[in-house]
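*Asks:* any chance you could fold what I've pasted below:
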Amino acid sequence: MLIRHLSFFVTLAQEQHFARAAALCNVAQPTLSAAIRKLEEDLNTMLIVRGHRYMGLTPEGEKALVWGRQILTDYDSLQKDLNGARKGLTGTLRLGVIPAAMPSVSFLTERFSHDHPDATVEIKSMTSRAIQHGLDAFEIDGGLTYLDNEPLENVRRVPLYRERYVFVCRPDHPFANRSSVDWSEAVQQPLCLLSNDMQNRRILNGIAASVGLTMKPSIVSDSFLGVCSHLRNGKWCGIVPHTFFYVFGGTHELVSINLVNPHHSQSIGLVLSSRNPQSPMAGALVRAVQHADFEQSFLDADQAA
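*Replies:* This is a model prediction of the structure:
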């Protein structure tokens, strides 16, 4: 019963509304309320601030929420581990992925799905900071993010590939036939870049600052789809990861040129909670990429295109 009561309590804390929480738990509201009161009796402490409606958690309730999430995650992992030993993993793998790593995520899910065909995968586009929160709150099983810039805490890291940066423009741009472009030249062009809340943009800002330059884009977006739209328009140029064309390539309307002076790259990889034992999903993720060569996968994709 403790597991069921904890589940009701965590759901209520998430929804912050008794009726919505009861609906999600598929019980009547009085049943949910009674279960939480029983949990409070078992723990000998008040968890909910009492009122005519949900008014928040007590300090003890906040602590219980952290433990409750962990206990429910471990219980779910136990069930998956026992079931997986018999018939392979089922359920949902939850992945948080920074926008810059979206081109590589199918390389991971292809390997995972091959090993666990009965499992589904849910991919969420998240900032690196949101991935940290998602791992801490047991809301995701793993993340694809930068490893050596603004590194996450209390995580296990599995490097996958290195991201480098290219200048992108239309074929009629004066730089289009060049093999390389200096950063000092690139920052002078009308640019469309990701917004400052994205780590990729903060990396670009840092590279520019390292050689005394300042990024001053005329357009910013929180999505590479928005960036691509403006690049294809022709009035703007961009600075994007070299993997950009794996998703937005296949067109003669855009040209990518290596950025130099300085030449810079960043490590991107899989991050998982450092807790032991690992959840079955986390363990399956690590095994899926053990012998993967993401760099070669991008090269193969380029040659195929």
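*Asks:* so where's this protein uncertain?
*Replies:* Applying pLDDT under 70 to the chain flags residues 1, 77, 80-88, 249-251, 303-305.
*Asks:* okay, and S256 sits in which element?
*Replies:* Element membership for S256, per DSSP states H and E: strand 255-260.
*Asks:* list the buried residues for that strand?
*Replies:* 255-257, 259 (16 or more other CB atoms under 10 Å). Every C-beta, even on glycine, is put in place using the N, C-alpha and C of the backbone.
*Asks:* same check on stretch 39-59?
*Replies:* Neighbour count says stretch 39-59 has 39-40, 43, 47-48, 54, 57-58 buried, by 16+ other CB under 10 Å.
*Asks:* mind checking which of those land in helices?
*Replies:* Judged by DSSP state H, the subset of the buried residues of stretch 39-59 located in helices is 39-40, 43.
*Asks:* including distance to I123, could the buried residues of stretch 39-59 go into CSV?
*Replies:* As requested, the buried residues of stretch 39-59 are arranged in CSV below (distance: CB to CB, whole Å):
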residue, distance to I123
L39, 34
E40, 38
L43, 36
L47, 34
I48, 34
Y54, 31
L57, 31
T58, 36
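*Asks:* farthest-apart pair in those, please.
*Replies:* L43 and Y54 (18.8 Å; CB to CB).
*Asks:* pull the CA atoms of the lengthiest strand in the chain into CSV?
*Replies:* Longest strand in the chain by number of residues (criterion: DSSP state E): strand 155-169. Output in CSV follows, covering the C-alpha atoms of strand 155-169 (Å, rounded to 0.1, in the frame of the first residue of the first chain):
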residue,chain,number,x,y,z
VAL,A,155,25.8,12.1,-13.7
ARG,A,156,27.6,9.3,-15.5
ARG,A,157,29.0,10.4,-18.9
VAL,A,158,29.4,8.4,-22.1
PRO,A,159,31.1,10.4,-24.8
LEU,A,160,29.6,9.9,-28.3
TYR,A,161,31.1,12.4,-30.7
ARG,A,162,32.6,15.9,-31.0
GLU,A,163,30.7,18.8,-32.4
ARG,A,164,32.4,21.4,-34.5
TYR,A,165,31.0,24.6,-36.1
VAL,A,166,30.4,25.7,-39.7
PHE,A,167,29.3,29.0,-41.3
VAL,A,168,26.1,28.6,-43.3
CYS,A,169,25.0,30.8,-46.2
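*Asks:* partners of that strand in the sheet?
*Replies:* strand 238-241 (antiparallel), strand 255-260 (antiparallel), strand 265-273 (antiparallel) (DSSP bridges).
*Asks:* mind checking which of those strands is nearest I203?
*Replies:* Comparing the strands paired with strand 155-169 under CB to CB, the one sitting nearest is strand 265-273, at 6.0 Å.
*Asks:* quick one, phi/psi of D222?
*Replies:* phi -90, psi 10 (degrees, to the nearest 10).
*Asks:* excluding chain neighbours, what is closest to it?
*Replies:* Nearest-residue entry for D222: S195, 5.1 Å, with adjacent residues in sequence omitted and distances by CB to CB, 6 or more residues apart in numbering.
*Asks:* check contacts around that neighbour.
*Replies:* The contact partners of S195, taken as CB atoms under 8 Å, 6 or more residues apart in numbering, are 201, 220-222.
*Asks:* what about the closest residue to N261 other than its chain neighbours, distance to L160?
*Replies:* Spatially, and ignoring its direct neighbours in sequence, N261 is nearest to D182 (4.6 Å; CB to CB, 6+ apart). Remark: distance between D182 and L160 (CB to CB, to the nearest Å) = 29 Å.
*Asks:* just L72 next, same as before
*Replies:* Distance from L72 to L160, counting by CB to CB: 30 Å.
*Asks:* so the two - more neighbours on which side?
*Replies:* L160 (22 against 17; other CB atoms under 10 Å).
*Asks:* need the contact list for H5.
*Replies:* H5 touches 35-36, 38-39, 42, counting by CB under 8 Å, 6+ apart.
*Asks:* can you put those residues in JSON lines and add distance to P174?
*Replies:* What follows is the contacts of H5, written out as JSON lines (distance: CB to CB, whole Å):
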{"residue": "A35", "distance to P174": "69"}
{"residue": "I36", "distance to P174": "67"}
{"residue": "K38", "distance to P174": "73"}
{"residue": "L39", "distance to P174": "68"}
{"residue": "D42", "distance to P174": "72"}
